[in-house]
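Asks: sequence and predicted structure are below.
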Amino acid sequence: GQSLEQPSEVTAVEGAIVQINCTYQTSGFYGLSWYQQHDGGAPTFLSYNALDGLEETGRFSSFLSRSDSYGYLLLQELQMKDSASYFCAVRDQGFQKLVFGTGTRLLVSP
Amino acid sequence: DVKVTQSSRYLVKRTGEKVFLECVQDMDHENMFWYRQDPGLGLRLIYFSYDVKMKEKGDIPEGYSVSREKKERFSLILESASTNQTSMYLCASSLRGSIGEQYFGPGTRLTVT
């Protein structure tokens, strides 16, 4: 089976940098995704890492270490609108599906 | 832009009723998914389909069935609704080789009384 662990809640102030970690255990591994979900909204895709290293998209970056079964989402220059839940999800090798973590609620304060 | 639409934003049904949730995507995606989302449990996969008339069980298929007669449409069916199926239901789609990049509909909040 698969299991993912991520912190339930993270708090930060506007303009700061925050890192949301995700560790996973899977029988096989294909890639790690990140999604953002605002309260009352649908999850929206942020990034997907299949290879080790850091991928940057604007203020958001995502990192993967396959040997450590670990990844993180890095949010820079935090804005109030970044307050949301963030989910990591693993694509299991051989399966046409994602398994999601339980989500990290990010609270950005002024 | 990918657009995934769901037939209802809110739905209230009685125990024992048959419930249909419809999902339509307009980007010619091969893969479609149904999830339910409950507080503290994240998103859990109910069923998915990687082609017309094809379906695969997800992690929690009990009490649900699906139908995919056309590529753009994926229906979730609750044969006999129960109170423990009260939840937010989310539909998603993706290209065949891009399982990690899914596009979600706005969700249907189903309440079974």
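Replies: Received the coordinates, thanks. Numbers count the residues shown, from 1 in each chain, chains lettered A, B, ... in the order given.
Asks: contacts, neighbours, all on C-alpha from now
Replies: Fine.
Asks: quick check: the residue of chain A nearest chain B.
Replies: Nearest to chain B, among the residues of chain A, is residue A:102, at 4.0 Å (CA to the nearest CA).
Asks: got phi/psi on that residue?
Replies: phi -90, psi 0 (degrees, to the nearest 10).
Asks: the closest residue to it other than its chain neighbours and residue B:54: what is the separation?
Replies: Nearest non-adjacent residue to residue A:102, counting by CA to CA, 6 or more residues apart in numbering or on different chains: residue B:42, 4.0 Å away. Residue B:42 is 26 Å from residue B:54, where distance means CA to CA, to the nearest Å.
Asks: how much space between the residue of chain A closest to chain B and residue A:4?
Replies: Relative to residue A:4, and taking CA to CA, residue A:102 is found at 8 Å.
Asks: neighbour count winner among these two?
Replies: residue A:102 (25 against 20; other CA atoms under 10 Å in any protein chain shown).
Asks: so what's whatever residue of chain B ends up closest to chain A up against?
Replies: Closest to chain A within chain B is residue B:42: 4.0 Å, counting by CA to the nearest CA. By CA atoms under 8 Å, 6 or more residues apart in numbering or on different chains, the contact list for residue B:42 reads A:87, A:100, A:101, A:102, A:103.
Asks: residue B:102 now?
Replies: A:44, A:45, B:92, B:93, B:94.
Asks: of all the contacts of residue B:42, which two lie farthest apart?
Replies: A:100 and A:103 (8.0 Å; CA to CA).
Asks: is the most centrally placed residue in chain B bridged to anything, and to what?
Replies: Closest residue to the average C-alpha location of chain B: residue B:34 at 2.8 Å, with CA atoms, centre = their mean. In this structure, residue B:34 has the following beta-bridge partners (DSSP bridges): residue B:47, residue B:91.
Asks: that one contacts residue B:46, doesn't it?
Replies: Yes - counting by CA atoms under 8 Å, residue B:46 is a contact partner of residue B:34 at 5.5 Å.
Asks: okay, now the unreliable bits of the chain?
Replies: Because you didn't say which chain, this covers chain A. A:1, A:93-95 (pLDDT under 70).
Asks: hmm, I had chain B in mind actually
Replies: Ranges of chain B meeting pLDDT under 70: B:1-2.
Asks: tell me the residues of it that contact chain A?
Replies: Contacts of chain B with chain A, taken as CA under 8 Å from any CA of the partner chain, map to B:40-45, B:48, B:50, B:90, B:99-107.
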